[in-house]
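Novice: Got a predicted structure plus its sequence, pasted below:
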Amino acid sequence: MTDTSTSKTEATEAWITGIGLATSLGEGLEANWDGLTERRVNVDDKGFAPYLVHPLAPVSFDAQIPKKGDQRQMEAWQRIGTYAAGLALDTAGIKGNKEILARMDMIVAAGGGERDLAVDSAILNAEAQGNSAPGFLNERLMSDLRPTLFLAQLSNLLAGNIAIVHGVTGSSRTFMGEEAAGVDAARIALARIASGQSDIALVGAAHNGERKDLLVLYEFGDFNLKDKFAPVWARGKESGFALGSGGAFLVIESRKHAEARGAKPYARLTQVIADRTSRKNAGDVTTSLSKLWSQLDGVDSQGAIITGATGAEPATSEERAFLAAHPEFAVRATGTSFGHTMETQFPLGLALAALSISKGKLFPPNDSAGVEIEMTKAPSQIVVVGAGHWRGEGMALVEAVR
Amino acid sequence: MSAPRDTFGRPIVVVTGMGVVTSLGAGKTDNWAKLTAGESGIHTITRFPTDGLKTTMAGSIDFVSVDPFSSTDLSERLADLATEEAVAQAGIGSKGNFPGPLFLAVAPVEVEWPQRQALGRAIGSSTTIDYDQMLRVSGGGKFTDYHRRFLFGSVADHLADTFGTKGSPISLSTACASGATAIQLGVEAIRRGEADAALCVATDGSVNPEALIRFSLLSALSTQNDPPQGAVKPFAKNRDGFVMAEGAGALVLESLEAATARGARILGVLAGCGELADSFHRTRSSPDGKPIIGCVRNALADAGLDADQIDYINAHGTGTPENDKMEYLGISTVFGERASKVPVSSNKSMVGHTLSAAGAVEAVFSLLTLEHQRIPPTINYDVPDPAIPFDVVPNTARDARVTTVMSNSFGFGGQNASLIITGEPA
């Protein structure tokens, strides 16, 4: 299949000038960096046993969502995202800058739909006890559903809440579709900036992995990691992912726009490309990733790769076959440290790539399978990889600003 | 000869194929005949029991069957139908090989009650059912199909396979503006030169009990159930809410250059797109109307046109007290005295609110308005609202010279999008 790519030919240079992270390792850039440096893994093996999840580290939502009323109108995934988006605006130095926020693009990758588990369970129990009168479901839903729950479930209402809380209103687009939505959000934001359709964009996603209704969805496909934690590359026959909670948002803007306001870049976002193979044949993911790799412009040897490899099979083994063709690259799988944050995994990879470049070092390996090797030199480029657990492949090139 | 460009030097984006399905029927011919005859597709719901519901009608599509029913399966089927019609009309590519990307507006996907009830049955009545029990029975391959079905990307994945679109398909939601956003993404991709063609599809098959109840609990729906055909009353004083409906719209967009090169018939030009988000409230528009005004102005600016050049407005016109009032405020601010003269009609008076699909369904109807030089009416307009002195083309279609249409979409979450469509390349 033909790829959809953002070419950098004659394109406006785009910088990452803001990063907001709220994850299982902590909130803010330093807490996440420290967690990675210490090879910390925050995994809960009890709350959802036998399933493992990476719970959100404690954060004070008040710091970014000052009105309690706003917090009450949101479910956890929206609070995490609105919080992380606020951090990104803070680091970019544009929090409260109405002139910029009013023309700032926003592309959010979102799932949605946190359900009221008690309501669902009560209805199913009543039905199991023979209560199947016509209209029974209607009656219970009419009386038991909180009217505002719908607004906490709608996919586009993370973006809606960011607009309300932070005032980002230039545009508001929500992409859905699991991991690929996170790739495409960055891809379209960069394409708009590179082509001059936009000067500045807020891009990101949020995910609440501490949800039994989501575990059910992935359990249908036997994708959940159970019983015992292992790094992504070391899961072997016990394949799967541990859902993670987290939000990752980036401020991306044209170099010209950033320089005009004196903003400092973390890194340059050079390319975001994506493809979708139907994965009908063994090795399709390997082929797709290899093809995307060949479309990256000017990747130096002995660089670094940050991947959102999920741990799900066969995608992760096929990705590993692709990585094996680049043994000189230092690979880091974010799934080990953060769990699988689904739509958020690719924006998270971009964030960590930009952070690593700005710090002049890659965070250490966290792997017992020998896939991840040390990197001592300062990375000038990092390739971010995302292969969805079921569909979608993406890649980005993040580089030091020259 | 250089490529045809608009006044801003961008490739001109044209429509070469379109397809539509609504509660009025499948296909452009049937829909247009009924739409201009002032027929309503709203009817009493028979798909599921409506006992205990305040609203018992919808524009559900019952002539397309999916079994077992899920809204996601129906959305997919409707998208198939509309896309088949659009691609066939465009005559582009070859079967299963569409030469461009897919942008799909689709309702957020979720596991629905029939599937949840299947889990309940798998657990049985001797155990108390909770989500731990549901998790216990979900794995092991018994419900693998549910994973494939209820991924958010599943409908786009199916369409990408069926129609052979290229690259990573984008599924999107901007609530009730989704259909317009799908078109906007296609326009932008062609303007950037990334693609010569784009397939923009919007679909919604959401009439199920929980979806209806959710809107009902927000007091958004009309409760004037009898007769159902009379329920949606956009811009009328006795309007009391929207009516949920199903449908799909599909557009094949191409650069004028590519369309001309292959000798395709040009159905219209996507001259401009505008958007602006509202930060006032999750379900209500800013009382000053600024986001709507800005959205409409952005669309005009993007098209390089003045409000004076718009000769028909295909309104969002949901029939909720709030939306219609705000739409009037927005239009009257931008259009000034012309606001009472330019025809403004609401297709939703007949097909209901097709939600995620509405922006694309109404873009198709806007293009048909240009093609037939006939404006579909706003039906059920018997009690004018003096606060909204629009020419709503009341109750009867009207022949008119129409060269430039504005189609508006406004949604929950502060989503505003407007499209400007013209009949021929400038």
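Specialist: Looks like it came in fine.
Novice: okay, whatever residue of chain A ends up closest to chain B: pLDDT?
Specialist: The minimum distance from chain A to chain B, using Cβ to the nearest Cβ, falls at A:Gly135 (2.6 Å). C-beta here means a position set from N, CA and C on the backbone, and glycine is covered the same way. Note on A:Gly135: pLDDT of 91.
Novice: Is it in contact with B:Thr56, as I believe?
Specialist: No - between A:Gly135 and B:Thr56 there is no contact under Cβ atoms under 8 Å: 10.8 Å.
Novice: anything in contact with each of those two?
Specialist: Residues touching both A:Gly135 and B:Thr56 by Cβ atoms under 8 Å, 6 or more residues apart in numbering or on different chains: B:Thr50.
Novice: neighbours of the residue in the stretch 51-200 of chain B positioned nearest to chain A, just the number please.
Specialist: The stretch 51-200 of chain B approaches chain A most closely through B:Asp51 (2.6 Å), counting by Cβ to the nearest Cβ. For B:Asp51, the tally of surrounding residues (other Cβ atoms under 10 Å in any protein chain shown) stands at 13.
Novice: can you pull the contacts of it?
Specialist: Neighbour list for B:Asp51: A:133-135, A:138-139 [criterion: Cβ under 8 Å, 6+ apart].
Novice: out of the residues you listed, which are buried?
Specialist: Neighbour-count burial (16 or more other Cβ atoms under 10 Å in any protein chain shown) applied to the contacts of B:Asp51 gives A:138-139.
Novice: and of the contacts of B:Asp51, the nearest to B:Leu217?
Specialist: A:Asn138 (11.7 Å; Cβ to Cβ).
Novice: can you count the residues close to residue 239?
Specialist: No chain in the question, so chain A it is. 18.
Novice: Oops, wrong one, chain B.
Specialist: 27.
Novice: what helix or strand does it sit in?
Specialist: B:Arg239 belongs to no helix or strand when assigned by DSSP states H and E.
Novice: Not counting residues beside it along the chain, what's closest to A:Ile373?
Specialist: A:Ala330 (5.3 Å; Cβ to Cβ, 6 or more residues apart in numbering or on different chains).
Novice: Show the pLDDT at the one you found.
Specialist: 98.
Novice: Mind jotting down where the helices sit in chain B?
Specialist: Using DSSP state H, the helices of chain B run over B:28-36, B:71-90, B:113-123, B:131-138, B:144-149, B:154-163, B:178-191, B:209-217, B:256-261, B:290-303, B:321-335, B:348-351, B:358-372.
Novice: returning to what we had before: which non-adjacent residue is nearest the residue of the stretch 51-200 of chain B closest to chain A?
Specialist: Ranked by Cβ to Cβ, 6+ apart and with sequence neighbours excluded, the top spatial neighbour of B:Asp51 is A:Gly135, at 2.6 Å.
Novice: contacting residues around the one you found?
Specialist: A:Gly135 makes contact with B:49-53, according to Cβ under 8 Å, 6+ apart.
Novice: per-domain residue ranges of chain B.
Specialist: B:14-112+B:150-422, B:114-149 (automatic domain parsing).
Novice: Reformat those domains as a markdown table; add mean pLDDT.
Specialist: Putting the domains of chain B into a markdown table (pLDDT from 0 to 100) gives the following:
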| stretch | mean pLDDT |
| --- | --- |
| domain B:14-112+B:150-422 | 97 |
| domain B:114-149 | 97 |
